[in-house]
Each structure stands twice: as C-alpha cells, then as structure tokens.
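Asks: Can you look at this prediction? I've put the sequence above it.
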Amino acid sequence: MKDAGIEAKRETAPQTQNLIATDYLTASLGNFEEPVRATLAESARANVIGRIWNKDAALWKQEPAHQKIIVNSLGWLTVAGQMLAVADELSRFGAEVRASADFDHAMVCGMGGSSLCPEVLRQTFGKQAGFPELLVLDSTDPDAINNFRKQLDPGRCLFVVASKSGTTTEPIAFHRYWYNEVAKVSSQPGQSFITITDPGSQMADTAAAEHFRRIFLNQPDIGGRYSALSYFGMVPAALMGLDIEKLLRGAEAMAAACAEGVEVNANPGALLGAVMSECALAGRDKLTIVTDQKLSALGLWIEQLIAESTGKEGQGIVPVVGEPLGEASTYGSDRLFISVSVGAPDSETKSKLDALEAAGHPVVYRRLADVHELCAEFFLWEMATAFAGWRMAINPFDQPNVQESKDATRALLEEFIRDGKSPASDPVANDGTLTVYGTEASRGGSVTDVLAAHLARIKPHDYVALLAYVEETPETEAAIQAIRLSLRDMTGCATTTGYGPRFLHSTGQLHKGGPDSGVFIQITAPDTVDLEVPGAPYTFSILKDAQAQGDFQSLLSHGRRAIRVDLGADVVVGLAKLQALIDGIVAANDGNPEFNL
C-alpha cells in the first residue's frame, strides 16, 4: 500500500548518506547502516519472513517447551483478515448498543494486552457522537476505582470484562466489584456485561452463568500483547463507534507490505526489526519513542510489546516512552530514536531529531497519513518484534518472569488471609514524610543519605525506572515527569515511568528478566479510600499493596538495584519532597563524576 503522504515523506526525510527508506519507514542510521543491511541480507538467506508467515517455531527456538508456546502464539499474523470477516457483525453490535440508548459509558475492565489497545483507541479517537464514551480500568488502586464510580452510573454503563485466560486476578476483581454495583440497581445485571476471553475459560463459564449480554470468544492462538487486532481491540472500537473495516483494511495493507514475497530491503517489518535488534546488540538498547500529540497514547502499547517480548534471558530492548526530547548533548551512546507522527513531525521536534542525527544517533521516522493507520502501526510493530526476536535468539512470545510477581502477590494475600493482616516491612529510613524501604545494606542514615547512595549506584548506560503504585492523576503525572527529567539530566541515563499494577504485565518482564541495567525507585502511598472485592477475603487496597510488595520482592530476588519510597498521606506533597531531595542531591554532587555519567 502506498499512501498519499509517501512522496512528501521522502521529500522531507533527512538527507544523509546513511539512509534506508521504504514506502513506510525512513531510517537515518549513521554507522549502523552496514550492520542493518547485513542483517537484512542474512534474513533473506535464512528466509526469516517466510518462516514467520509459515509459523515455523524453530525459527526462534529448538526446545519443545518453547516451540509449544510459539506455535500457540502466532494467530496475530492472520487475525486482521479474520476480523474483517466479522467487521459488519461488530459494527451492528455497536449500533445496537447505541440504538438502545441504555448506556452512557462502556468500560473495558482488563490488564496489559487486553486493555492497552482500547486505551490507545480511547485517547486517539475520543468520544464519537451518539456512542457511549469508552473508559478503561486497568488499576487496582481503590482511589482510581472510586473516582470511576463517582463519574458514572453503574446502571448506564456497559462493562467489558477482558481476560484471555479468564483467571487474571485484576479483571476478576473488577467484574466482582461492578457486577455487585449493577445488581444494586438492576434485576438483570448480566445484561450490563460482555466478556472477551478464550474458549473454555473460567470467565466464559461465568459469563454464561450470569447471562452476560454477549460473549466474544477470541482466537486462542494469540498472546495478550499481540491481540490488538482481535476481539480485544475491535469490540471496544465498535462500541465507541469507530470504522472497524477502515482500521482493519489498513492492517491488512501493512501485512501485505510485510509479506513473504516482499524483498527484505523494502519490507518495513524486517527493516524496523533489523534496526531495533542490531542497535540493541551494539549497546543502543534504549529505544526512545517520540510520538506527536495525536498518537501520544501509542507509546504505552509499543512499550508493552517491546519490553515483554524482548526482556528476557538477560537481554532486552528498553522502550523509553513519554520522556520529553532534550538537546543532543543530553543523551549517551545507548539510544535509538523512533519518531511516529501523523504527517511530518512539528518543527520543534524535527529540529531536535535533526540535531540527534547530526550528533550520530540513529533516528527512524514512521509517518502515518492519518490516525486510521493506527491498526497498520500495530501490525508493523508486531512483525518487527517477531523479526527482532529471531535476530536476538529469544522467544518473543513468552513472559517467564511475569509469573514471579503474580506468585509473590498470591503468597502475600494468602498470608493476609491466614493472619488477618498484611505482612509488615521494616523501613531503612524515615523523615516524617517519606519512608524508605530497601535491603539491609541500605539501612542507616537519613532518607537523603539512602537516596543519594541509591542514585550513586547508577552506571553509564543504565536506565532509571520510577514504578508508581499510586492513582494516576494530572498532578501526580506532572510531578513524576519532573522527577524523571531531573534524574535524566543528572545522570545522562534513560528514564522510564509506569503505574502499577499495569506495568507488571508489560515492563515488569523486562525489569526482572532483562539486562541488569535498571535502577528502580518504587513509589507507594496509603490509599485515601478502600473498596471491598465482593466474594474475596481482601480489599482492593490490600490487593494493590500485595502487588507492590510482590513486585519489590521479585526485583530484590533478582539482585536488582531497588528501593521503595512511601510518600505519606499526601501524594503530591510527598512527590514534591522527593523532587526536592533529588534536586538537593544533584546540587550537593555537582562536579562529582559519579553523578555526571
């Protein structure tokens, strides 16, 4: 497929000597051009693209256990065509919901792969006239759930319980909570629910027993993070009134551009995959996503796909999302920049990207004709990730370390059920506002001392991750972004942020299974409210606390450099205090090479 913007893309592409261009991507690679071309040539000899399309599990791994996972994870290759066959049915269902006038909102209740695509669609397209407003709940934070409860009428909300396995803790808890709320105002609560799940799952059985309005059985050979073009993405799209056929036609066109018969140097999936993997293997493993405002939510979806697919066996590509572009001198030699925009980037962004190219950083441009190419973008990144998995000799379809945090959470909940209280952790420092938890090695001194010692452990080419188990609000997000920029400018290292427990199903895999280059600051705070999980012996607050503690224990068990900072009762005040301490540490260490990496 050639879109109307292709010639313009080529005209405005950076004019360098080390440029690789297709109808879909332009890559200014500097010294990485030759290695990327060599990888593409090697992939042609090995028939990598053909073997991906033929679902050849041996392309990635030889072990039977790995191959079993891979064989059951490649349905994303052909799902766009399958969904086109039911596009009219989905559109009719969306129209029926609209015509009923029964619902003001439609809320996706999911986690990770089942919720991130709907979140991207929600933020990108916004509310469509006459259709329910799409909401996405992917947090166990009771304050976040309570705020949703305040803004909607449960009797006028259609709840979409999305869980591939049907056993994921968070969607089950969400279902129990909202079903109980709807039952207070309706004699047929099941008619306010639909589910998207795999055939034969526990959730499918529950939905049948509770007479849900609809049950959508997803293709079982698609992993969660590769499910954007399946029912998990397309049902919410239909409910919010989007043009399903137009979205899927774009995905089909991209699939054709990435097909077996396309020469690898013109294949955008192969090119993007080769660039990502070759740069990562050469040490430029901090893949920095630069999106324009229209596509600002896309980074969350890309982040999960890349982190969970490549972060294992001690290696991985670290996606950096939402970090504002700085001057070229801000960055170390571990960065790859990928710009995704509708049309050309704005002049300020383009100027900074040009400066990055001039400084020797590899930069890739992906320019969409309009936002309806979003599903094409999903397929492109899925193909590129599969290709990168081949080059990095990893299985991009498993997530071996995600289960660790789930197991740790389950053990903590069982301890709570047995003892009637959550297990206590001993702080290593407290200043009256902030309380810091860590290992015995970090005990002693003030909060400032412990924090300074932790930051001193940062080395060149590390990344600093802020892991926030607090409600995501504009004020909280602004404060966390300010802290990340202070840390980036202080250390010269990449920074990432994530809200728990969402990130446990995405970057959490990279944190534990990827390279030991992460320095982690977990951020927690007491909840202002708590909510019961009907039928469960714990509340949402206890669940979230168990998830945070389980995540922290898992990080420490892998020898990761991690501390936990509790902000106290006022999150914004606590974040301001943390910011002030970090700025003070920066000022006190001005000129100290340990803090100017």
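Replies: Good, I have the coordinates.

Asks: count of neighbours near V71?
Replies: Per other C-beta atoms under 10 Å, the neighbour tally for V71 reads 13. All C-beta atoms are positioned from the backbone trio N, CA, C, and that covers glycine.

Asks: Helix, strand or coil: sort out A536 for me.
Replies: Here A536 is coil, with the state taken from DSSP: H, G, I helix; E, B strand; the rest coil.

Asks: And it, how close does it get to I542?
Replies: 9 Å (C-beta to C-beta, to the nearest Å).

Asks: Start from the N-terminal end of the stretch 251-400 of the chain and give the strands.
Replies: Listed in chain order, the strands found in the stretch 251-400 of the chain under DSSP state E, counting those that start in this stretch are 286-291, 318-321, 335-342, 363-368.

Asks: so of these, which one's packed in deepest?
Replies: Among the strands of the stretch 251-400 of the chain, strand 318-321 has the highest mean neighbour count (mean count of other C-beta atoms under 10 Å), at a mean of 25.

Asks: And it, what does it pack against?
Replies: strand 286-291, helix 298-310, strand 494-499 (3 or more C-beta pairs under 8 Å, 6 or more residues apart in numbering; DSSP states H and E).

Asks: Centre of this structure to the edge, which residue is at the far end?
Replies: Of all residues in the chain, S187 has its C-alpha farthest from the mean position, at 37.6 Å, by C-alpha atoms, centre = their mean.

Asks: Just want the most central residue of the protein.
Replies: In the chain, the residue lying closest to the centroid (C-alpha atoms, centre = their mean) is Q304, at 3.1 Å.

Asks: coming back round to it: could I get the strands of the stretch 251-400 of the chain as CSV with mean pLDDT?
Replies: Formatted as CSV, the strands of the stretch 251-400 of the chain follow (pLDDT from 0 to 100):
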stretch, mean pLDDT
strand 286-291, 98
strand 318-321, 98
strand 335-342, 98
strand 363-368, 96
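
Asks: quick one, which of those is nearest to T167?
Replies: Proximity to T167, assessed across the strands of the stretch 251-400 of the chain by C-beta to C-beta, is greatest for strand 318-321 (27.4 Å).

Asks: Tell me the strands beside the closest one, with direction?
Replies: In the sheet, strand 318-321 lines up against strand 286-291 (parallel) (DSSP bridges).

Asks: so the partner strand versus strand 335-342, what angle?
Replies: Using axes from the mean of the first three to the mean of the last three C-alpha atoms, to 10 degrees, the direction of strand 286-291 lies 20 degrees away from that of strand 335-342.

Asks: From the chain's centroid, how far away is strand 286-291?
Replies: Centroid separation for strand 286-291 versus its chain: 13 Å, with C-alpha atoms, centre = their mean, to the nearest Å.

Asks: Equivalent analysis for stretch 400-417, please.
Replies: The chain centroid and the centroid of stretch 400-417 are separated by 21 Å, computed with C-alpha atoms, centre = their mean.

Asks: For it, list every residue counted as buried.
Replies: By 16 or more other C-beta atoms under 10 Å, the buried positions in stretch 400-417 come out as N401, V402, E404, S405, K406, A408, T409, L412, L413, F416.

Asks: nearest to A376, of those residues?
Replies: Taking these together and measuring to A376 by C-beta to C-beta, the closest member is V402, at 27.9 Å.

Asks: dump the residue contacts of the nearest residue to that closest one once chain neighbours are set aside.
Replies: Excluding the flanking residues, the one nearest V402 by C-beta to C-beta, 6 or more residues apart in numbering is Q509, at 5.1 Å. For Q509, the contact set (C-beta atoms under 8 Å, 6 or more residues apart in numbering) comprises A307, E308, G311, K312, Q399, P400, N401, V402.

Asks: Double-check that Q509 belongs to a helix.
Replies: Yes: counting by three-state DSSP, Q509 is part of a helix.

Asks: mind listing the helices in the stretch 351-500 of the chain by residue range?
Replies: Using DSSP state H, counting those that start in this stretch, the helices found in the stretch 351-500 of the chain span residues 374-392, 402-419, 447-455, 474-491.

Asks: what's the angle from the last one to helix 447-455?
Replies: Between the axis of helix 474-491 and that of helix 447-455 there is an angle of 60 degrees, by the same axes, to 10 degrees.

Asks: For helix 474-491, enumerate the helices and strands it packs against.
Replies: So helix 474-491, by 3+ C-beta pairs under 8 Å, 6+ apart, packs with helix 447-455, strand 463-469, strand 494-499, helix 571-588.

Asks: The third one packs against which elements?
Replies: So the one you mean is strand 494-499. Applying 3+ C-beta pairs under 8 Å, 6+ apart, we find strand 494-499 packed against strand 318-321, strand 463-469, helix 474-491.

Asks: Arrange those in CSV, one row each, with distance to N589 as further columns.
Replies: Listed next are those as CSV, based on distance: least, C-beta to C-beta, whole Å:
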stretch, distance to N589
strand 318-321, 24
strand 463-469, 15
helix 474-491, 8
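
Asks: So for the residue nearest to the centre of the chain, what pLDDT did the model give?
Replies: The model reports Q304 with a pLDDT of 96.

Asks: Would you mind reformatting the buried residues of stretch 400-417 (as TSV) and adding columns for distance to D566 and pLDDT while you're at it?
Replies: Below are the buried residues of stretch 400-417 laid out as TSV (distance: C-beta to C-beta, whole Å; pLDDT from 0 to 100):
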residue	distance to D566	pLDDT
N401	25	88
V402	25	82
E404	23	80
S405	19	77
K406	23	81
A408	18	84
T409	18	86
L412	16	90
L413	20	90
F416	18	88
